[in-house]
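# With the input below, show me the fold.
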Amino acid sequence: MVRREVVGAHYGLRDWLAQRVTAVVMLVYTILLASVLIGGPPLDYWTWRAVWQVPVIQYATVLFLASLLYHAWVGMRNIFMDYIKDPGLRLGLYVLVIGALIWYGVWAVRILWGM
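Numbers count the residues shown, from 1 in each chain. Predicted structure coming up:
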């Protein structure tokens, strides 16, 4: 009988699916924003500002940001689980990445809704 050692958290399918779903959300947002920018009038400051004040664009951008941050978290967590063997170092890196992602998210939302 072969004894198997269980290692890691086994997020496999959930992480794979999360990466694909968030990537699709980001792709749809990119196409939406590109179509708005390409199909609209020439860009100047006032046009650019008006685009970002449309609620659909603001909410779509927040969804994009949430997808981007979650996508980044899943990727970094998987890299750390695969390559960082020391649990203390891994935990420290998790805390740094989570802190940075929260900071970036708050910063981006403040920029978006502060216009």
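# From now on I want contacts and neighbour counts done on CA atoms only, so please keep to that.
Noted.
# lowest average confidence, helix or strand, in this structure?
Sorting the helices and strands of the chain by mean pLDDT, DSSP states H and E puts helix 45-52 at the bottom, at a mean of 89.
# Show me which residues of it are buried.
Of the residues in helix 45-52, those buried under the neighbour-count criterion (16 or more other CA atoms under 10 Å) are 51, 52.
# Which helix or strand lies directly C-terminal to it?
helix 55-83 (DSSP states H and E).
# just the CA coordinates of stretch 43-54, formatted as CSV?
Once side chains and other backbone atoms are set aside, the C-alpha atoms of stretch 43-54 remain, and they are given as CSV (Å, rounded to 0.1, in the frame of the first residue of the first chain):
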residue,chain,number,x,y,z
LEU,A,43,-10.7,62.6,-26.4
ASP,A,44,-10.0,65.7,-24.5
TYR,A,45,-10.2,66.3,-20.7
TRP,A,46,-13.9,67.0,-20.6
THR,A,47,-14.8,64.0,-22.7
TRP,A,48,-12.6,61.7,-20.6
ARG,A,49,-14.1,63.1,-17.4
ALA,A,50,-17.6,62.6,-18.8
VAL,A,51,-16.9,59.0,-19.7
TRP,A,52,-15.8,58.2,-16.1
GLN,A,53,-18.9,59.9,-14.6
VAL,A,54,-21.3,57.5,-16.3
